[in-house]
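Peer 1: Can you look at this prediction? I've put the sequence above it.
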Amino acid sequence: MPFAVRESRIHGRGVFATRSIAKGERLIEYKGERITWQEAERRYPIDPVPYHTFLFEIGDGTMCIDAVRNANAAKWINHSCRPNCEAVEDENERIFIDAARAIRRGEELTYDYNFILEERHTPAQKKLFPCWCGARNCRGTMLGKKR
Ligand SMILES: [Zn+2]
């Protein structure tokens with residue numbers, strides 16, 4: 001695999017390229033246990049903060065992947081508002097992390113978590129999901145834009 005897990009300046013552990021990676025290269029599947037959101041909310045109530053971020057929404061939004069169990073290095077890939085990777089869902093509701101551009105050896109791999117909450121994205125909600133990516137266009141939160 002062209003990456004390794006180590007300490008990150010963004011947050012906790014991160015995943016770093018160990019060689020140059022071409023745009024479009026499929027890097028890793030986001031693995032974990034497939035559960036309903038109902039089950040996720042039972043496991044990880046939104047109170048108290050910080051909210052758990054090892055969940056990845058799939059399909060029509062009723063299911064997610066819980067990367068606490070049966071997971072791999074993908075769960076350590078940090079969020080960035082200016083990411084070099086993207087998360088792609090295939091027709092079987094499997095999530096893959098692909099390189100969104102050419103990546104140099106040593107760069108930290110990131111994608112935009114783009115979390116969408118059911119409730120309004122208030123300033124207080126945004127603070128529950130702070131972003132430390134350091135990008136010039138950092139929006140200060142891992143929450144995305146509601147459509
Ligand atoms: Zn950011």
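Peer 2: Thanks, I have the structure now.

Peer 1: which residue packs closest to residue 31, ignoring adjacent ones?
Peer 2: Nearest non-adjacent residue to residue 31, counting by C-beta to C-beta, 6 or more residues apart in numbering: residue 72, 4.7 Å away. C-betas here are computed from N, CA, C, even on glycine.

Peer 1: All the helices of the protein, residue numbers only.
Peer 2: 37-43, 123-128 (DSSP state H).

Peer 1: Indicate which one of those helices is closest to the ion.
Peer 2: The closest of the helices of the chain to the ion is helix 123-128. By C-beta to the ion, the value is 11.2 Å.

Peer 1: Whether the closest one contacts the ion - can you check?
Peer 2: No: judged by C-beta under 5 Å from the ion, helix 123-128 stays clear of the ion, getting no closer than 11.2 Å.

Peer 1: what packs against that helix?
Peer 2: Taking 3 or more C-beta pairs under 8 Å, 6 or more residues apart in numbering; DSSP states H and E as contact, there are no helices or strands that helix 123-128 lies on.

Peer 1: So what's the gap between that helix and the chain middle?
Peer 2: 18 Å (C-alpha atoms, centre = their mean, to the nearest Å).

Peer 1: Next to the ion, which bits of the chain? Give me the list.
Peer 2: Residues of the chain lying near the ion (C-beta under 5 Å from the ion): 81, 131, 133, 138.

Peer 1: would you turn those residues into TSV with pLDDT?
Peer 2: As requested, these are exported to TSV (pLDDT from 0 to 100):
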residue	pLDDT
81	97
131	93
133	94
138	97
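
Peer 1: just the buried members of those residues?
Peer 2: 81, 131, 133 (16 or more other C-beta atoms under 10 Å).

Peer 1: how much space is there between the second one and residue 58?
Peer 2: Right, residue 131. Going from residue 131 to residue 58 by C-beta to C-beta, to the nearest Å gives 22 Å.

Peer 1: quick revisit: count of neighbours near the residue nearest to residue 31?
Peer 2: Neighbour count for residue 72, taken as other C-beta atoms under 10 Å: 14.

Peer 1: Residue 99 now?
Peer 2: 21.

Peer 1: For stretch 63-80, measure first residue to last.
Peer 2: The first residue of stretch 63-80 is 24 Å away from its last residue (C-alpha to C-alpha, to the nearest Å).
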